[in-house]
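Enquirer: Sequence isn't available, so here's the structure alone:
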């Protein structure tokens, strides 16, 4: 494993953590040295890099969330290692910070350790995405955001303009992009049209509020989760840089974090735009709770993504005349979660049919019984072509 310690500054010792609290469990980078990453688990990383969004905040840090997380108590099933690698030191240039974060994410994912990156502006999502290049596999990214953050590919990257860089990056390892919680007044219609043309998923704030479970299959299919803390409404997340009158509330974001933690596929998470300034103590306490709920979900992973044998699943088949094809669904006997099988479009010279498994919910199966082709099936089929 590469020496990651060169990218981090150590942390001071925590102030008298409560007995049996998370603070007693964390293996942290302090004056005694960098932790040995010898077991799967979760690694906390604070990155005070703001120059591509709020350059006036350069060299400022605000990691009060650590104290709150230390004071919380672990869940009943927490049997995993928790590392705190310290503060990733910003480089001379922003690109140097990107390079460091890219290296750290790649190494941790290889070790089956989930990096939870906190702090900087959301363009750091791009650096995390680059970390997957060494794995050489397609990944799915989900943004929790009030905007789509597409940006102009001809212009520099920024905290609200980085998605186009993911799309244009070569080699491309992005299979799907989803956004949860976007607000229509903040998004151009042309951006929504582009999402539709690329067969990406975009869930409006109102759709999520009507049924928060709509996000679960998307999160179950995600490798990299990027959360913009500015998507939380200002009354729930008070601070100088938080001004949205509408948005997700604190319970919403914790539910998303719990779903993300449970997802067997989720291998990295970012909590971004925790911008230094006049941020209420309750906001830092909330960041600590978001991390807690992700960890609690992680502790409840059941490893039931249907790869290989399907003996632990119940199979459901629906024939649809419109496409002259069977739609095949699987329900886990352990978790009651659903998946849908989507075939790769036929190609000349390929003798055997291949399929792609997509997380879904029971409603897609119910719709198929009524003769409706699930939109998720169509989108996935188009992207596989």
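Expert: That came through, no problem. Quantities reported herein were computed from a predicted structural model and do not represent experimental measurements.
Enquirer: tell me the contacts of residue 147?
Expert: 160, 182-183, 186-187, 228 (CB atoms under 8 Å, 6 or more residues apart in numbering). Every C-beta, even on glycine, is put in place using the N, C-alpha and C of the backbone.
Enquirer: between those residues, which is closest to residue 56?
Expert: For the contacts of residue 147, the minimum distance to residue 56 (CB to CB) is 16.1 Å, reached by residue 160.
Enquirer: now residue 373: how far from residue 146?
Expert: Using CB to CB, to the nearest Å, residue 373 is found at 31 Å from residue 146.
Enquirer: From the contact counts, what lies against the helix or strand encompassing residue 219?
Expert: In the assignment (DSSP states H and E), residue 219 maps to helix 215-220. With contacts taken as 3 or more CB pairs under 8 Å, 6 or more residues apart in numbering; DSSP states H and E, helix 215-220 sits against strand 174-182, strand 201-204, helix 250-262, strand 355-360.
Enquirer: other SSEs contacting the helix or strand that comes right after it?
Expert: Next along the chain after helix 215-220, taking DSSP H and E as the criterion, comes strand 224-228. When contacts are defined as 3+ CB pairs under 8 Å, 6+ apart, strand 224-228 packs onto helix 124-130, strand 139-144, helix 250-262, strand 268-272.
Enquirer: what about 6 Å?
Expert: Here strand 224-228 touches strand 139-144, strand 268-272, going by 3 or more CB pairs under 6 Å, 6 or more residues apart in numbering; DSSP states H and E.
Enquirer: circling back: list just the nearest of the contacts of residue 147 to residue 199.
Expert: residue 182 (16.7 Å).
Enquirer: quick one, what contacts the closest one?
Expert: Residues in contact with residue 182 (CB atoms under 6 Å, 6 or more residues apart in numbering) are residue 202.
Enquirer: Equivalent analysis for residue 83, please.
Expert: Contacts for residue 83 (CB under 6 Å, 6+ apart) come out as 27, 35, 43.
Enquirer: Just list whatever residues bridge to the last one.
Expert: Right, the one you point to is residue 43. Note on residue 43: beta-bridge partners by DSSP bridges are residue 83, residue 115.
Enquirer: My guess is it contacts residue 113. True?
Expert: Yes - using CB atoms under 6 Å, residue 43 makes contact with residue 113 at a distance of 5.1 Å.
Enquirer: With neighbour numbers in mind, choose between the two.
Expert: With neighbours defined as other CB atoms under 10 Å, residue 43 and residue 113 compare such that residue 43 has more, 25 against 22.
Enquirer: Now do that one against residue 301, distance only.
Expert: 16 Å.
Enquirer: Where do the domain boundaries of this structure fall?
Expert: The record's domain split for the chain, according to automatic domain parsing, is 4-298, 313-384.
Enquirer: Of all the residues in stretch 128-143, which ones are buried?
Expert: Going by neighbour count (16 or more other CB atoms under 10 Å), the buried part of stretch 128-143 is 128-132, 139-143.
Enquirer: ugh, wrong one, stretch 94-106
Expert: In stretch 94-106, counting by 16+ other CB under 10 Å, buried: 94, 97-98, 100-106.
Enquirer: Relative to residue 369, which of these is nearest.
Expert: Taking CB to CB as the measure, residue 369 sits nearest to residue 105 out of the buried residues of stretch 94-106, at 41.8 Å.
Enquirer: That closest one: what's it in contact with?
Expert: Applying CB under 6 Å, 6+ apart, the residues near residue 105 are 115, 128, 131, 268.
Enquirer: Kindly provide the distance from the last one to residue 133.
Expert: Meaning residue 268. Taking CB to CB, one finds residue 268 at 13 Å from residue 133.
Enquirer: Before we move on, what's the pLDDT of the closest residue to residue 42 other than its chain neighbours?
Expert: Excluding the flanking residues, the one nearest residue 42 by CB to CB, 6 or more residues apart in numbering is residue 114, at 4.9 Å. With respect to pLDDT, residue 114 scores 98.
Enquirer: try the one 5 residues further on
Expert: Confidence per residue is given as pLDDT, and for residue 119 that number is 91.
Enquirer: Please apply the same query to residue 348.
Expert: 49.
Enquirer: rewinding a little: can I get the helices and strands packed on strand 224-228 in a markdown table including distance to residue 337 and mean pLDDT?
Expert: Shown next, in a markdown table, are the helices and strands packed on strand 224-228 (distance: least, CB to CB, whole Å; pLDDT from 0 to 100):
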| stretch | distance to residue 337 | mean pLDDT |
| --- | --- | --- |
| strand 139-144 | 17 | 97 |
| strand 268-272 | 20 | 98 |
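Enquirer: Next, format those strands as JSON lines and append distance to residue 251.
Expert: Below are these laid out as JSON lines (distance: least, CB to CB, whole Å):
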{"stretch": "strand 139-144", "distance to residue 251": "14"}
{"stretch": "strand 268-272", "distance to residue 251": "16"}
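Enquirer: what ranges do the strands span in the protein?
Expert: If DSSP state E is used as the criterion, the strands of the chain fall at 8-9, 27-28, 41-47, 81-88, 113-119, 139-144, 174-182, 201-204, 224-228, 268-272, 313-320, 325-332, 338-343, 355-360.
Enquirer: circling back to that earlier point, can you tell me which of the domains of the chain is packed in deepest?
Expert: Highest mean neighbour count of the domains of the chain: domain 4-298, a mean of 19 (counted as mean count of other CB atoms under 10 Å).
Enquirer: picking that back up, out of the helices and strands packed on helix 215-220, name the one with the poorest average pLDDT.
Expert: When the helices and strands packed on helix 215-220 are compared on average pLDDT, strand 355-360 comes out lowest at a mean of 91.
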